[in-house]
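Colleague: My questions are about this predicted structure, shown below with the sequence.
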Amino acid sequence: MQKIGILLPRSTYYETISFDIFQGLKSSLENLELKEYQIITENIGFGADKQQCYRAAEKLLLEENVSLVVAYIGHRTAELLRPLFLAANKILVVLDAGANLPNEWPTCPNIFYHSLHNALGARFSAQKAINDGFSEGALITGYYDGGYLHTYSISKSFEDFNGKIVFNHATGYREDDFNMDPLTSHLDQYPNSALLSIFSGDFVQWYFAEINKKFKNKNLPMYLTPFGMEETMLEKAEFASEHIKGITAWSKKIENSHNQHFIETLEATGRKPNIFSLISWESAALVEKIISLLNIHKTNLHEISSDLKNYQFETPRGIISFDHKTNTTLSPLFEAKIIDKNGYCDIEIENEITNYKEEFEKLASFQLENINSAWYNSYTCI
């Protein structure tokens, strides 16, 4: 029997995150050929305590002797675990929100990143605003979301596409300290600027409520990144503008048999499908492939790494493949808009983005000198 370790986070505004990640992996493994397995879990809190993350991973490797570990963590925490996994000669599969940009993209043969690509989505969101005719942009973020380098991705990308950032606003991190008052003077001065918006979780709901409170019926042009377009949070968010667009990594509206199967399977377990159950569902294919390669190559992780990076597989998002230089999975992204559903928000898919591989290469080549994020938290885990 194969033992699969998983490091599970917690989040105050995605309260079901650990259950979603666990059930996504479990349900997907049950649908694959890998029948004889045991999932062993360890809790890592918000992912900010480096020692807690290290001890949890060490326990899985030493005491449980797992074949590999799956973890919802960021690049910085994964790099801290790198010596441990090299010493154990075991593989770490990182479920990556893609919200941060590492100062150096990792190429360790023991660590692979399966991503939701929020920073890449931010780049496409900036491009979409430019294509819609906006040359001036305001960067609007929440206190927490603003601490990750997807903010750099959206602002630099807007400038790469010949736009200009003319305003920045970061809100407070509590609902009673969350307001859009500074937008009033900004819009008086720059009435034709796009609101390049990075929010997640409850912050999306607070954002739209504030826009309705202060700018109702103004139909402000707002552009969101993938976590801002997450459906389970949007369905509780007030509809705030006829011009809210963005990029989504996944939606229930994606029409393919793999997505339909994923949705039906998760709903049958009593869970509501979301981006967290999706990414762990997809990771089961990587787990199955790694275990098959372990049977072929034994402990030769360089051979396993080489074969794994040539692996492609079908998922609810489409075909997923690896970027060889960064050990990161690449998957389609989708242009979408927010539509009114009885006063609240729903998603409408407009187009599938096909040039995501080329744009990821540009994103990975960003020079991050004197640019850094202080957050170790797994993204959305506060």
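Modeller: In hand now; what should we look at? Residues are numbered from 1 along each chain as shown.
Colleague: Arg55: neighbour count?
Modeller: 13 (other Cβ atoms under 10 Å). Any C-beta I mention is one placed from the backbone N, CA and C, and that applies to glycine too.
Colleague: Please name the bridge partners of the nearest residue to Lys357 once chain neighbours are set aside.
Modeller: In space, and not counting its chain neighbours, Lys357 is closest to Leu330: 5.5 Å by Cβ to Cβ, 6 or more residues apart in numbering. With beta bridges defined as DSSP bridges, Leu330 has these partners: Ser321.
Colleague: Leu330: how many residues sit nearby?
Modeller: For Leu330, the tally of surrounding residues (other Cβ under 10 Å) stands at 20.
Colleague: Pretty sure it sits against Asp323.
Modeller: Yes - if you go by Cβ atoms under 8 Å, Leu330 and Asp323 touch, sitting 5.4 Å apart.
Colleague: what touches both of those two?
Modeller: Taking Cβ atoms under 8 Å, 6 or more residues apart in numbering as the contact criterion, the common neighbours of Leu330 and Asp323 are 357, 360.
Colleague: Could you say which helix or strand holds Asn295?
Modeller: Following DSSP states H and E, one finds Asn295 within helix 275-297.
Colleague: Tell me which other helices or strands that helix touches.
Modeller: Packing partners of helix 275-297 (3 or more Cβ pairs under 8 Å, 6 or more residues apart in numbering; DSSP states H and E): helix 17-31, strand 68-71, strand 91-96, strand 111-115, helix 257-268, helix 301-308, strand 313-315.
Colleague: pretty sure Leu25 contacts Ala285?
Modeller: No - if you go by Cβ under 8 Å, Leu25 and Ala285 don't touch, sitting 10.6 Å apart.
Colleague: between those two, who's got more neighbours?
Modeller: Counted by other Cβ under 10 Å, Leu25 and Ala285 do not tie: Leu25 has more neighbours, with 26 against 21.
Colleague: got the contact list for Lys272?
Modeller: Under the criterion of Cβ under 8 Å, 6+ apart, the contact list for Lys272 reads 16, 232, 266.
Colleague: What separation is there between it and Asp96?
Modeller: Spatial separation of Lys272 from Asp96 under the definition Cβ to Cβ, to the nearest Å is 22 Å.
Colleague: ditto for Glu175
Modeller: Distance of Glu175 to Asp96, computed by Cβ to Cβ: 28 Å.
Colleague: So between those two, which is more surrounded?
Modeller: Neighbour comparison, Glu175 and Asp96: the larger count goes to Asp96, with 25 against 13 (by other Cβ under 10 Å).
Colleague: still on that earlier bit, for the residue nearest to Lys357, which residues are in contact?
Modeller: By Cβ under 8 Å, 6+ apart, the contact set of Leu330 is 115, 117, 320-323, 356-357, 360.
Colleague: same deal with Asn100?
Modeller: The neighbours of Asn100, taking Cβ under 8 Å, 6+ apart as the test, are 74-76, 119, 148-150, 373, 375, 379.
Colleague: which ones are touching Ile290?
Modeller: Taking Cβ under 8 Å, 6+ apart as the contact definition, Ile290 lies against 67-68, 91, 93, 304, 308.
Colleague: Go again with 7 Å.
Modeller: Contacts here follow Cβ atoms under 7 Å, 6 or more residues apart in numbering; on that basis Ile290 touches 68, 91, 304, 308.
Colleague: so what's the second one scoring on pLDDT?
Modeller: Per-residue confidence (pLDDT) for Ile91: 97.
Colleague: Give me the residues contacting the helix or strand Thr232 falls within.
Modeller: Using DSSP H and E, the element containing Thr232 is helix 231-234. By Cβ under 7 Å, 6+ apart, the list of residues contacting helix 231-234 from outside reads 201, 204-205, 251-252, 272, 274, 338, 345, 347.
Colleague: Turn these into CSV, including distance to Gly45, pLDDT and secondary structure.
Modeller: Conversion of the contacts of helix 231-234 to CSV gives the following (distance: Cβ to Cβ, whole Å; pLDDT from 0 to 100; DSSP: H, G, I helix; E, B strand; the rest coil):
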residue, distance to Gly45, pLDDT, secondary structure
Gly201, 17, 91, coil
Val204, 23, 96, helix
Gln205, 24, 95, helix
Ser251, 29, 97, coil
Lys252, 30, 97, coil
Lys272, 23, 95, coil
Asn274, 20, 97, coil
Ile338, 33, 98, strand
Cys345, 31, 97, strand
Ile347, 31, 96, strand
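Colleague: got JSON lines for the residues you listed, with distance to Gln260 too?
Modeller: What follows is the contacts of helix 231-234, written out as JSON lines (distance: Cβ to Cβ, whole Å):
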{"residue": "Gly201", "distance to Gln260": "26"}
{"residue": "Val204", "distance to Gln260": "26"}
{"residue": "Gln205", "distance to Gln260": "28"}
{"residue": "Ser251", "distance to Gln260": "12"}
{"residue": "Lys252", "distance to Gln260": "9"}
{"residue": "Lys272", "distance to Gln260": "15"}
{"residue": "Asn274", "distance to Gln260": "16"}
{"residue": "Ile338", "distance to Gln260": "23"}
{"residue": "Cys345", "distance to Gln260": "23"}
{"residue": "Ile347", "distance to Gln260": "16"}
